[in-house]
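> A predicted structure for the sequence below; I have some questions about it.
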Amino acid sequence: MSLPQQLDLLKGTLDVLILKTLSRGPLHGYGVSRWLRETTREAFQVEEGALYPALRRLEKRGLLTSRWDVNETGRKAKFYRLTPAGEEALRQGVQSWNRYVDVMGRVLGTG
């Protein structure tokens with residue numbers, strides 16, 4: 001049995017992935033989606049219906065700020081940037097995922 005090319009995001013992963021993407025610098029929503037798709041070699045494809053509510057939720061929590069600007073194609077777009085609280089949330093999120101991967105590895109590695 002082989003795994004499908006595209007993977008479903010586990011609950012709670014999207015926020016960490018967005019924060020990690022924006023740790024590289026400000027991006028608009030489509031830029032976030034494109035970077036995740038390219039970086040994961042198409043394994044994660046975040047739909048607009050999930051991405052934009054997540055961006056708004058993270059902004060409401062104070063983890064992101066946003067401003068309108070012109071994107072690379074000359075269109076107005078909302079660009080998101082990490083706040084210091086977002087940087088801390090990313091650090092904690094990565095730490096949690098590393099623990100999760102370690103524990104899952106131990107469980108799945110047992111014969």
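Right, received. Where do you want to start?

> now do the contacts for Trp35.
Applying Cβ atoms under 8 Å, 6 or more residues apart in numbering, we find Trp35 in contact with Thr21, Arg24, Leu27. Heads up, the C-betas are built off the backbone N, CA and C, glycines and all.

> tell me how far Trp97 lies from Lys76.
Per Cβ to Cβ, to the nearest Å, Trp97 is found 34 Å from Lys76.

> of those two, who's got more company?
Neighbour comparison, Trp97 and Lys76: the larger count goes to Trp97, with 16 against 9 (by other Cβ atoms under 10 Å).

> how about that one, what does it touch?
Thr13, Val16.

> what strand or helix carries it?
Trp97 is part of helix 84-108, with elements assigned from DSSP states H and E.

> Gly62 too?
Here Gly62 is assigned to no helix or strand, by DSSP H and E.

> which residues touch it?
Thr83, Ala85, Gly86.

> which phi and psi does it have?
phi 80, psi 10 (degrees, to the nearest 10).

> could you pull out the helices for this structure?
Under the criterion DSSP state H, the chain contains helices at 13-22, 29-39, 48-60, 84-108.

> just the residues contacting the third one, thanks.
Contacts with helix 48-60, where a contact means Cβ under 8 Å, 6+ apart, come from 9, 14-15, 18-19, 29, 32-33, 64-66, 80, 86.

> what does the first one give?
Counting by Cβ under 8 Å, 6+ apart, helix 13-22 makes contact with 9, 27, 32, 35-36, 44, 46, 50-51, 54-55, 57-58, 63-64, 80-82, 86, 89-90, 93-94, 97, all of which sit outside it.

> what about 7 Å?
The contact list for helix 13-22, computed with Cβ atoms under 7 Å, 6 or more residues apart in numbering, reads 27, 32, 35-36, 46, 50, 54-55, 58, 63-64, 80-82, 86, 89-90, 93-94, 97.

> just the buried ones from these?
27, 32, 35-36, 46, 54-55, 58, 63-64, 80, 82, 86, 89-90, 93, 97 (16 or more other Cβ atoms under 10 Å).

> sketch out the low-pLDDT regions of the chain for me.
Applying pLDDT under 70 to the chain flags residues 1-11, 111.

> can you rerun that using 50?
1-4 (pLDDT under 50).
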